[in-house]
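Peer 1: Sequence unavailable; structure follows:
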């Protein structure tokens, strides 16, 4: 019998459950290795070679090289683990979170100062809020594409 | 006999720690956050506990995917400050209380909660940011935290996380455990994390003031109802990382009014602010009467 996963219809959200964790085990453990300064230095010096030391999928490696955190999440990454890549790059958590929305750093920061993203229209897939698939990427990047 | 006299609830946003460590607390962005803790710092001085039982979550720091304990109690004599990738926070190391911690572990396991006992663990911002907010800036070498701390880590990283109801019941068991410790100790229990926030995906940056304030109301007046909130409601209403709020229910479950309906918990301080980085900051102090 299938497990109950009531969280699959939340837009713009991947819940890190046992299945994601299984898929992302080596990706997340690679991230964990970046907690050590010498590993950060080795990774930065030759990213592909460092990634090749890990039994990660090609998609996971490419997602890391592209610094595409949404792709990393889809491949089983967890944000607290992926944050180690951002720390290695000298990014703040706000810069990392913002990068997943398509907004610029300033746009995302302004949204937070303005009270954050509204939950209206963003509770269920199929509504019309700004986190819905039809409204990606957000911010100026999205406007440019639609005009 | 040891007793729990108060509970403290607060967000543990890492950027708050960074703002304090980098001397940015007077900047206009941060001023309103720290203003909300002015009362609390004085309250801590006036009501200094002998031990803090601090409920928090580890953020892929001490626990990688090698081991994922649902509930882990720190029984060590001391805990080092973790390097989370930006270098360790410049704050004093955390002194534990092994005697009370191992007493609580034994009692709570016998009350059917399967705790993981941790004798060696570094502690991350989840634990140190609440200490900084409540105790103020401390020199890592010359200063010390005001009292020993028992770290209690809850898995809220990999689903399924423990339900609010289980956390609430665990709080009751912890209160019983504390009361059966012979030494006369004044214990605070802190629940940390939250409030509404989401750190991932196109929905990152979600904030829900209505949910947060209703949660604060409920936590004070109808905690059993707050305990009944299912996991999916936190995700949908408060963002994927808003699930951290279940940790507040452990502290709330340990208050005297839960086991004894003839008394009530007194709210001494309540504070709410948006934003700190990606997160809504919520804070509450409840005293046993």
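Peer 2: Great, that's in hand. These figures come from a predicted structure and were not determined experimentally.
Peer 1: all contacts plus neighbour counts: C-alpha atoms, from now on.
Peer 2: OK.
Peer 1: Now do the same for the residue nearest to residue B:225 when sequence neighbours are not counted: helix, strand or coil?
Peer 2: Nearest residue to residue B:225, sequence neighbours excluded (Cα to Cα, 6 or more residues apart in numbering or on different chains): residue B:218, at 6.9 Å. Residue B:218 carries the three-state label helix when classified by DSSP: H, G, I helix; E, B strand; the rest coil.
Peer 1: Check the gap between residue A:35 and residue A:28 for me.
Peer 2: Separation of residue A:35 from residue A:28 (Cα to Cα, to the nearest Å): 12 Å.
Peer 1: Run through the residues that contact the closest residue to residue A:79 other than its chain neighbours.
Peer 2: Leaving aside its chain neighbours, residue A:79 sits nearest to residue B:200 (6.5 Å; criterion: Cα to Cα, 6+ apart). Contact analysis of residue B:200 by Cα atoms under 8 Å, 6 or more residues apart in numbering or on different chains lists A:13-14, A:70, A:79, A:97, A:100, B:240.
Peer 1: and residue B:200, what pLDDT?
Peer 2: Predicted confidence (pLDDT) for residue B:200: 96.
Peer 1: Kindly report the same for residue A:85.
Peer 2: At residue A:85, pLDDT is 96.
Peer 1: And the contacts of the helix or strand that contains it?
Peer 2: For residue A:85, the host element (DSSP states H and E) is helix A:79-88. Residues outside helix A:79-88 that contact it (Cα under 8 Å, 6+ apart): A:28-29, A:31-32, A:34-35, A:40, A:69, A:72-73, A:92-93, A:96, B:59-60, B:84-86, B:157, B:199-200.
Peer 1: what's the next secondary structure element after that helix?
Peer 2: With elements assigned by DSSP H and E, the helix or strand that comes after helix A:79-88 is helix A:93-99.
Peer 1: ok so, going back, among the contacts of helix A:79-88, which lie within helices?
Peer 2: A:28-29, A:31-32, A:40, A:69, A:72-73, A:93, A:96 (DSSP state H).
Peer 1: May I ask which two of these are separated the most?
Peer 2: With Cα to Cα as the measure, no two of the ones in helices among the contacts of helix A:79-88 lie farther apart than A:40 and A:73, at 20.7 Å.
Peer 1: higher neighbour count, those two?
Peer 2: Neighbour count, other Cα atoms under 10 Å in any protein chain shown: between residue A:40 and residue A:73, residue A:73 has more, with 24 against 21.
Peer 1: Would you confirm that that one contacts residue A:14?
Peer 2: Yes: Residue A:73 is within contact range of residue A:14, at 7.1 Å (criterion: Cα atoms under 8 Å).
Peer 1: ok, and which of the ones in helices among the contacts of helix A:79-88 reach chain B?
Peer 2: By Cα under 8 Å from any Cα of the partner chain, the members of the ones in helices among the contacts of helix A:79-88 lying near chain B are A:28-29, A:32, A:69, A:93.
Peer 1: sorry, back to before: does the residue nearest to residue B:225 really touch residue B:229, like I thought?
Peer 2: No: with contact defined as Cα under 8 Å, residue B:218 does not reach residue B:229; the gap is 10.7 Å.
Peer 1: Show me the beta-bridge partners of the nearest residue to residue B:255 once chain neighbours are set aside.
Peer 2: Leaving aside its sequence neighbours, residue B:255 sits nearest to residue B:288 (Cα to Cα, 6+ apart; 6.6 Å). Taking DSSP bridges as the rule, residue B:288 bridges to residue B:265.
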